[in-house]
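>>> Using only what follows, build the 3D model:
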Amino acid sequence: MEVYADYAATTPVKQQVIDKMMEIYTTHYGNPSSIHSIGRDARKYLDESRRFVAKQLNAKPSEVIFTSGATESNNTAIKGIAYANQDKGKHIITTKIEHHSVLHVFEQLAKEGFDVTYLDVDEEGLISLEQLKSAMTDETILVSIMFVNNEIGTVQPMYDIDEIVSHSNALFHVDAVQAIGHLDIDFHEFDIDAMSITAHKFGGPKGVGVLLIKSGTNIKFPQLGGEQEVKRRAGTENVPQIVGLAEALKLANQYRDENNVHLMNLKNQFLVSLQERSVPFELNGSMTDTTGHIVNLYFPFIDVETMLTLLDLANIYVASGSACTAGSTSPSHVLVAMYDDDTRANHSVRFSFNEQTTEQEIKYLVTEIHKIYHKFKEEV
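Numbers count the residues shown, from 1 in each chain. Sure thing, here's the model as predicted:
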């Protein structure tokens, strides 16, 4: 049996999405900026996708910018807001457990003279609202906080964070990449100024994402060239992939509730089965403020590299953290921030599931982890 349990890194493209994309590739292939009928035909699908994405996220179509994915969306939002508002102050806030497409941007801005505050998290991966309040000053122009953490699945108290930020002059950016398909995202219910998502995390193609920018937000757009995306993001729009993103978003929201029940049941089965087999482990993250699709576990009896290798040999595909840090010898910055200790990070594995994961796959996964435990137990 093969078990893919790395859905937080990427998901397979759904067949309905592929079908929609192939129709565009083969029949509606025009450049949406061309004024002839073939170009106008492509423009129709681009505009329809923009309206649909806006409706699904309760945004205005004019607030939707199609990008190449979350990294571009995060970079554009953070740099664009910081540069456009630096005359009002140069203090910006994020957390220690953000994705590197956020953290590395803040590090660069710090080198350019911005004053950066990195919020701590507790052992469940949650920020302190009091620390956020204390960090806010009249000079704060931007707060960027991830909705659902990509390594541990912890959901930040976004309503409370939103309340704090909305009573300041700061603008608020949210990386919502791991939230789509798991939480009900309403762009205008929150006082969010910018939000990033990417299609390949919820059954869409790689290389396409969305940056939502609230109307009236003061932001500089860095990509120069043509007048695409209402002069906000130059470059010919990838219409087939944009249509694929819209279709994937439709499916993710349509089946979100039943998928969440399935995922929570799988997560419970996974943890209970490990306990029943007396495999020593501890959960990294929260049991309550969490989604069902990510489970990060600390195994004290084995280092993460050995565990990943042995699981791979058993045709089980998991990760030690974000796929964007693959090849890095550094421990997970998320777990180091949570526990202030490299040891736990060096013995922890991220498992991530989706609606395609079966109970049989969970059973096989638990069986193989149990075998590995007893192998190392005997060698000690």
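>>> hey, let's count contacts and neighbours off CA atoms from now on
OK.
>>> Leaving out sequence neighbours, find the closest residue to residue 304.
residue 347 (4.7 Å; C-alpha to C-alpha, 6 or more residues apart in numbering).
>>> If you could redo that for residue 266, that was the one I meant.
residue 359 (6.6 Å).
>>> Okay, the one you found and residue 367: tell me how far apart.
Remark: distance between residue 359 and residue 367 (C-alpha to C-alpha, to the nearest Å) = 12 Å.
>>> Just the strands from the stretch 101-250 of the chain, written as ranges.
Taking DSSP state E, counting those that start in this stretch as the criterion, the stretch 101-250 of the chain carries its strands at 115-119, 140-144, 171-175, 194-198, 209-213.
>>> can you tell me which of those strands comes nearest to residue 35?
Checking those against residue 35 by C-alpha to C-alpha gives strand 209-213 as the closest, at 24.8 Å.
>>> Next, the angle from that closest one to strand 171-175.
Strand 209-213 and strand 171-175 are oriented at 160 degrees to each other (axes from the mean of the first three to the mean of the last three C-alpha atoms, to 10 degrees).
>>> how big is the angle separating the one helix or strand residue 80 maps to from strand 209-213?
Taking DSSP states H and E as the definition, one finds residue 80 inside helix 70-85. Taking the same axes, to 10 degrees, one finds that helix 70-85 is oriented at 20 degrees with respect to strand 209-213.
>>> Quick one: residues in contact with helix 70-85.
Contact partners of helix 70-85, identified using C-alpha atoms under 8 Å, 6 or more residues apart in numbering, comprise 67, 90, 92, 101-102, 105-106, 109, 141-142, 144, 171, 173, 175, 177, 194-198, 209-211, 218-222.
>>> Kindly report the same for stretch 232-248.
Contacts for stretch 232-248 (C-alpha under 8 Å, 6+ apart): 14, 16-18, 20-22, 24-25, 31-33, 42, 45-46, 49-50, 52-53, 65-67, 199, 202-205, 207-209, 221-228.
>>> Mind checking which of the residues you listed land in helices?
By the criterion of DSSP state H, membership of the contacts of stretch 232-248 in helices covers 16-18, 20-22, 24-25, 42, 45-46, 49-50, 52-53, 228.
>>> Pull the most distant pair out of those.
The span of these, defined through C-alpha to C-alpha, is set by 16 and 228 at 27.5 Å.
>>> ok, the two, which is more surrounded?
More neighbours sit around residue 228 than around the other of residue 16 and residue 228, counting by other C-alpha atoms under 10 Å; the figures are 17 against 14.
>>> which residue packs closest to that one, ignoring adjacent ones?
Counting by C-alpha to C-alpha, 6+ apart, residue 228 lies nearest to residue 234, which is 5.1 Å off, once chain neighbours are set aside.
>>> and residue 250, what is it in contact with?
If a contact means C-alpha under 8 Å, 6+ apart, then residue 250 has residue 56 as its contacts.
>>> Which among the strands of the stretch 101-250 of the chain is found nearest to residue 271?
Relative to residue 271, the nearest member of the strands of the stretch 101-250 of the chain by C-alpha to C-alpha is strand 171-175, separated by 28.0 Å.
>>> That closest one packs against which elements?
With contacts taken as 3 or more C-alpha pairs under 8 Å, 6 or more residues apart in numbering; DSSP states H and E, strand 171-175 sits against helix 70-85, strand 140-144, helix 158-166, strand 194-198.
>>> Which one, of those, ends up nearest to residue 8?
Between residue 8 and the helices and strands packed on strand 171-175, the shortest gap by C-alpha to C-alpha is with strand 194-198, which sits at 11.7 Å.
>>> now the closest one, how far from the chain's geometric center?
Centroid displacement of strand 194-198 relative to its chain, using C-alpha atoms, centre = their mean, to the nearest Å, is 9 Å.
>>> same check, this time on stretch 74-93
21 Å.
>>> Then stretch 194-212?
Relative to where its chain is centred, stretch 194-212 has its mean C-alpha point 9 Å off (C-alpha atoms, centre = their mean).
>>> repeat for stretch 136-149
Going by C-alpha atoms, centre = their mean, the spacing between the C-alpha centre of stretch 136-149 and its chain's C-alpha centre is 17 Å.
>>> cool, stretch 200-213 as well?
Put simply, stretch 200-213 sits 10 Å off its chain's centre (C-alpha atoms, centre = their mean).
>>> end-to-end on it?
21 Å.
>>> 788 is where my numbering starts, stick with that
In the new numbering, first residue 788, that becomes stretch 987-1000.
>>> Do I have it right that residue 966 meets residue 935?
Yes - contact between residue 966 and residue 935 holds when scored by C-alpha atoms under 8 Å: they sit 5.6 Å apart.
>>> residue contacts, the residue nearest the centre of the chain?
Most central in the chain under C-alpha atoms, centre = their mean is residue 964, positioned 2.7 Å from the mean C-alpha point. Each residue near residue 964 by C-alpha under 8 Å, 6+ apart is listed here: 857, 934, 935, 983, 984, 985, 988.
>>> wait, which of the residues you listed is closest to residue 797?
Minimum separation from residue 797 among those (C-alpha to C-alpha) is found for residue 988, which lies at 5.2 Å.
>>> Put the alpha carbons of stretch 959-973 into PDB.
Written as PDB, here are the backbone C-alpha positions of stretch 959-973 (Å, rounded to 0.1, in the frame of the first residue of the first chain):
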ATOM      1  CA  PHE A 959      -3.800  43.700   8.400                       C
ATOM      2  CA  HIS A 960      -2.400  41.000   6.100                       C
ATOM      3  CA  VAL A 961      -3.500  37.300   6.500                       C
ATOM      4  CA  ASP A 962      -1.800  34.300   5.000                       C
ATOM      5  CA  ALA A 963      -4.900  32.100   4.600                       C
ATOM      6  CA  VAL A 964      -3.200  29.400   2.500                       C
ATOM      7  CA  GLN A 965      -4.000  26.400   4.800                       C
ATOM      8  CA  ALA A 966      -7.400  27.700   5.800                       C
ATOM      9  CA  ILE A 967      -9.200  27.300   2.400                       C
ATOM     10  CA  GLY A 968     -11.400  24.200   2.400                       C
ATOM     11  CA  HIS A 969     -11.200  23.900   6.200                       C
ATOM     12  CA  LEU A 970     -12.600  27.200   7.500                       C
ATOM     13  CA  ASP A 971     -15.400  29.500   6.300                       C
ATOM     14  CA  ILE A 972     -13.400  32.500   5.000                       C
ATOM     15  CA  ASP A 973     -15.300  35.800   4.700                       C
END
